[in-house]
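1. Mind looking at a prediction? Sequence and model below.
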Amino acid sequence: MAQSEPTFPISTPAAILIGAVLVSFAILISNGVIKLGGAGLGAGTTGSAPTQQQAGATPAPSVYQNVTAGNLPTLGNNNAKVLVVEWADYQCPFCEQFFTQVEPQIKKDYIDTGKIKFAFRDFPFLGQPTSDPAGDESANAANAARCANEQGKFWQYHDYLYSHQGQEDQGAFSKDNLKKFASDLGFNTDQFNQCIDSNKYAKDATDDMNAGKAVGVSGTPTVYVNGTQIVGAEPYSAFKDAIDKALASAK
């Protein structure tokens, strides 16, 4: 008589562990973008979503209205007819990829030449809040960059953060490290440290994230070129094409 195959029942602790792992995958990494799975962050928010395409038709780029530059300093020509807005998380590796591989080319071709206005907005959703607010490194970093802005050094600190990115919530953007960065950059550390310890701009960063949700942001990086949405770490050519089309339309 053939023996039946042995079975290995999953213990209750193991089942709980597997369930926790599955829940952790609610944050998805796909096509060069980190986003929330399921309904996504954008579910239930308002915004001018694109019209649905007919089955089999080539989807048109998603275009959203009411995309603004926010309240952080911008780069380029403040009066430019083309506005490029990036929503990003300082811990997001694809945002770091955009920073190192795409943004320098956009700067050279469009920002430095005065053709566009470029803005950064916070979307600090990767940090894991704990009973200790200091454990949420995405929120800490967003607050810290805004603290740097008090001293007129937002972009300098923004660049330094992406140049010193580590593993998510493993201490790279602890409050102590964020303070050290400011010291390394020659900031007024007393002013900066007080700003960090008080989480002075935490609400501003959250407001930026909510503004992103309202115009269709569900992951990072998400970039808008005069409202046309580009999601993920796309090659420079994708951004160049969108910017050139926006410039042509703005003439």
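-> Received the coordinates, thanks. Numbers count the residues shown, from 1 in each chain.
2. any idea how far Ala142 is from Phe239?
-> The gap separating Ala142 from Phe239 is 23 Å, by Cβ to Cβ, to the nearest Å. Glycine gets a C-beta too; all of them are placed from N, C-alpha and C.
3. If you could redo that for Glu96, that was the one I meant.
-> Taking Cβ to Cβ, one finds Glu96 at 16 Å from Phe239.
4. cool, and Gln167?
-> 27 Å.
5. When these two are compared, which one has more neighbours?
-> Phe239 (21 against 10; other Cβ atoms under 10 Å).
6. where does the more buried one fall, phi/psi-wise?
-> Main-chain dihedrals, Phe239, degrees, to the nearest 10: phi -70, psi -40.
7. Next: Val85.
-> Per degrees, to the nearest 10, the backbone of Val85 is at phi -120, psi 130.
8. Where does pLDDT dip in the stretch 51-200 of the chain?
-> Residue ranges of the stretch 51-200 of the chain with pLDDT under 70: 51-61, 128-135.
9. same thing but at 50, please
-> For the stretch 51-200 of the chain, the stretches with pLDDT under 50 are 51-58, 131.
10. Could you pull up the contacting residues of the spatially most central residue of the chain?
-> Residue closest to the average C-alpha location in the chain (Cα atoms, centre = their mean): Ala88, at 1.5 Å. Counting by Cβ atoms under 8 Å, 6 or more residues apart in numbering, Ala88 touches 95, 98, 120-123, 220-222.
11. what do you get if the cut-off is 7 Å, keeping everything else the same?
-> 95, 120, 123, 220-221 (Cβ atoms under 7 Å, 6 or more residues apart in numbering).
12. for those, which one is nearest Ile230?
-> For the contacts of Ala88, the minimum distance to Ile230 (Cβ to Cβ) is 8.6 Å, reached by Pro221.
13. Correct me if wrong: that closest one contacts Gln97.
-> No. Applying Cβ atoms under 7 Å as the test, Pro221 and Gln97 come out as separate, 8.4 Å apart.
14. Mutual contacts of those two, please.
-> With Cβ under 7 Å, 6+ apart, Pro221 and Gln97 have common neighbours Ala233.
15. quick one on the thing from earlier: for the residue nearest to the centre of the chain, which non-adjacent residue is closest in space?
-> Counting by Cβ to Cβ, 6 or more residues apart in numbering, Cys95 is the residue found nearest to Ala88 once chain neighbours are left out, at 4.0 Å.
16. And the contacts of Ala88, which is closest to Ala172?
-> Cys95 (13.9 Å).
17. what's the neighbour count on that closest one?
-> 26.
18. before we move on, what about Asp112?
-> Using other Cβ under 10 Å, the number of residues around Asp112 comes to 12.
19. just to revisit the earlier point, does the residue nearest to Ala88 count as helix, strand or coil?
-> At Cys95 the chain is in helix, as set by DSSP: H, G, I helix; E, B strand; the rest coil.
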